[in-house]
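**Q** with the sequence up front, the predicted model follows.
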Amino acid sequence: MTFPTASKSMQALVSLGIARELTGQRRNRVFVYDDYLNILNEGGEPL
């Protein structure tokens with residue numbers, strides 16, 4: 001997959017509210033899928 005294709009795909013996910021970008025940078029950005037992270041964190045709260 002080319003960078004422009006990946007970038008457009010991620011922008012579509014961000015605009016739909018599915019993913020969000022964490023770094024605020026133009027290059028080497030990091031995206032997160034909050035619903036997935038919530039599932040992984042479920043039950044991991046300190047007692």
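**A** Cool, got the structure.

**Q** look through this protein and tell me its longest helix.
**A** Once the chain is assigned using DSSP state H, the helix that runs over the most residues is helix 3-15.

**Q** what packs against the next helix or strand after that one?
**A** Once the chain leaves helix 3-15, the next helix or strand it forms, by DSSP states H and E, is strand 20-21. Using 3 or more C-beta pairs under 8 Å, 6 or more residues apart in numbering; DSSP states H and E, the elements in contact with strand 20-21 are helix 3-15, strand 31-32. For the C-beta atoms, the positions are set from N, CA and C on the backbone; glycine is no exception.

**Q** how about low-confidence regions in the protein?
**A** 47 (pLDDT under 70).

**Q** in space, not sequence, find me the middle residue of it.
**A** Val32 (2.3 Å; C-alpha atoms, centre = their mean).

**Q** residue contacts, Asp34?
**A** Arg20 (C-beta atoms under 8 Å, 6 or more residues apart in numbering).

**Q** quick check: the gap between it and Asn41.
**A** Per C-beta to C-beta, to the nearest Å, Asp34 is found 10 Å from Asn41.

**Q** Asn28 now?
**A** Distance, Asn28 to Asn41, by C-beta to C-beta: 25 Å.

**Q** alright, that wraps it up for me.
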